[in-house]
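Asks: Sequence plus the predicted model coming up.
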Amino acid sequence: MRILHLHSSFDRGGKELRAARLMNAFGRGIAHHVVSAVPGALAAASAIEWGIDVAYPDDFPSLSGRPTPARLQRLATAMRGYDLVLTYNWGAMDAVMAQTVFRDFLKLPPLVHHEDGFNEDEAAGLKTSRNWYRRLALGRASALVVPSRLLETVALGAWQQPRGRVHLIPNGIALGAYARKPKADALPRIVKRPGELWVGTLAGLRTVKNLPRLVRAFAGLPPAWQLVILGDGPERDAIKAQALASGVADRVHLPGFAPDPGKAVGLFDVFALSSDSEQFPISVVEAMAVGLPVASPAVGDVAQMVSPENRPLICAPGSDGALAEVLARLAGDAALRASVGTANRAHALAHYDEAAMIASYRSVYARAMGLAQFPPSSRS
């Protein structure tokens, strides 16, 4: 079986790491070809296990450009010979359009599209032109997979997708990997010292994550508290500048990407988000899995993801003050941190097991290809 993956980017992020975990779960016997709309953005390849048959063709037509008939035909022609095409986010939408236009003429394979959220250009509101383009492009997709109820509502409403095409599959993780408390030196370039308390987050350092807001909200916490931001991206300098302006440069740490979240999130005492836009962030599930309280604006499905005990700590979006108030409340109440964390751990165990997520993806992909079931995993 040959599967073509067309990504808006294959750098390390939630959707990319989920795609890598699915490749690992599907095992050997499947050939994966991965293309990134951003040339060279392939850092998530490091999460794919040895022995998985994966290649990164450099001769695939660009996923970016004007959607002229000639360019769409080149994209469609390049999809021939695969058993399944998987596309991801707006950056791959021209390929979705190409499959819709040329599917019958070129006898193209079935296509499943995945939407995981929006960048800063649509964080404040959907673009009408993109809504129309998605409606047309998705017209012959076998399925549209979304991880959040908010995106499901958008797909059924603004994008006018039929109910039978839209599949809600919440993100899951391997919960067992988060059971052990990590050592104080588990992260590179930073060690948790005795007496320290950490507010932490896992995020790409991008504008839509609004990490300078998190720095400002953190700045009023007592000196024992440190802010640890795990991730890479172009906003590093802006975060450092905000930490300096807020007078907490010595307490804000950016050690880079954490390849093993199970060894990182467990060092936090509070998990925090400050994003302008989210859908169903895997990082929140990871925080819940290790028993942390979550402080976050009410973006995407976050308020519904966390345990009922945590919901009062989900604050109004777009407000530095509201997030600062929640962080101060958690910082000053160890018993609250413990009780909410325990509730979140139980909630994650009950609802976010990776096995259920993988089974759902297997079912959607098999149905798209007209198979009774997706080929069983083989890792030997």
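Replies: That came through fine. Numbers count the residues shown, from 1 in each chain.

Asks: switch to C-alpha atoms for all contacts and neighbour counts from now on
Replies: OK.

Asks: how about stretch 226-241: buried residues?
Replies: Neighbour counts using 16 or more other Cα atoms under 10 Å place Q226, L227, V228, I229, L230, G231, D232, E235, R236, A238, I239, K240 of stretch 226-241 among the buried residues.

Asks: do stretch 183-192 as well
Replies: A186, L187, K192.

Asks: Could I get the contacting residues of the closest residue in space to the first one that isn't next to it in sequence?
Replies: Among residues not flanking A186 along the chain, K263 sits closest, at 6.2 Å (Cα to Cα, 6 or more residues apart in numbering). K263 makes contacts with Y178, K181, P182, K183, A186, L187, as judged by Cα atoms under 8 Å, 6 or more residues apart in numbering.

Asks: For D353, see how far away the first one is.
Replies: What it means is Y178. Per Cα to Cα, to the nearest Å, Y178 is found 12 Å from D353.

Asks: just F280 next, same as before
Replies: Distance from F280 to D353, by Cα to Cα: 14 Å.

Asks: Roughly how far does V228 sit from A335?
Replies: According to Cα to Cα, V228 and A335 sit 22 Å apart.

Asks: cool, and V215?
Replies: Per Cα to Cα, V215 is found 24 Å from A335.

Asks: you'd agree A348 is in a helix?
Replies: Yes. Using DSSP: H, G, I helix; E, B strand; the rest coil, the assignment for A348 is a helix.

Asks: Are we agreed that L6 is in a strand?
Replies: Yes. The assignment for L6 is a strand, going by three-state DSSP.

Asks: Show me which of F280 and D353 is the more surrounded one.
Replies: Remark: of F280 and D353, F280 carries more neighbours, 26 against 19, as counted by other Cα atoms under 10 Å.

Asks: On the pLDDT front, check the closest residue to A368 other than its chain neighbours for me.
Replies: Closest residue to A368 apart from its sequence neighbours, by Cα to Cα, 6+ apart: S142 at 5.5 Å. Looking at S142, its pLDDT is 98.

Asks: What's the separation between the closest residue in space to A331 that isn't next to it in sequence and A238?
Replies: Setting aside the residues directly before and after it, A331 is nearest to L221 in space (Cα to Cα, 6+ apart), at 7.2 Å. For L221, the distance to A238 equals 21 Å [Cα to Cα].

Asks: repeat for K107
Replies: According to Cα to Cα, K107 and A238 sit 48 Å apart.

Asks: quick one: low-confidence parts of this protein?
Replies: With pLDDT under 70 as the threshold, the chain has low-confidence stretches at 123, 377-380.

Asks: what does the domain assignment say about it?
Replies: With domains defined by automatic domain parsing, the chain comprises 2-172+354-368, 175-351.

Asks: those strands in the stretch 201-350 of the chain, which residues are they?
Replies: 225-230, 252-256, 270-272, 294-297, 314-315 (DSSP state E, counting those that start in this stretch).

Asks: Could you dump the ones you listed into CSV and include distance to A348?
Replies: Output for the strands of the stretch 201-350 of the chain, formatted as CSV (distance: least, Cα to Cα, whole Å):
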stretch, distance to A348
strand 225-230, 21
strand 252-256, 26
strand 270-272, 15
strand 294-297, 13
strand 314-315, 17
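
Asks: what's the closest of these to Y56?
Replies: strand 252-256 (24.9 Å; Cα to Cα).

Asks: If you count contacts, what does that closest one end up packed against?
Replies: Under the contact definition 3 or more Cα pairs under 8 Å, 6 or more residues apart in numbering; DSSP states H and E, strand 252-256 sits against strand 225-230, helix 236-245.

Asks: buried residues in it?
Replies: Buried positions in strand 252-256, judged by neighbour count with 16+ other Cα under 10 Å: V252, H253, L254, G256.

Asks: P61: which of those is nearest?
Replies: Among the buried residues of strand 252-256, G256 lies closest to P61 (Cα to Cα), at 32.0 Å.

Asks: Show me where this protein has its helices.
Replies: 14-26, 69-78, 93-106, 120-123, 128-137, 149-156, 211-218, 236-245, 282-289, 302-305, 320-331, 334-351, 354-368 (DSSP state H).

Asks: can I get these in a markdown table with distance to S46?
Replies: Shown next, in a markdown table, are these (distance: least, Cα to Cα, whole Å):
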| stretch | distance to S46 |
| --- | --- |
| helix 14-26 | 9 |
| helix 69-78 | 25 |
| helix 93-106 | 25 |
| helix 120-123 | 26 |
| helix 128-137 | 31 |
| helix 149-156 | 28 |
| helix 211-218 | 25 |
| helix 236-245 | 22 |
| helix 282-289 | 18 |
| helix 302-305 | 28 |
| helix 320-331 | 34 |
| helix 334-351 | 26 |
| helix 354-368 | 20 |
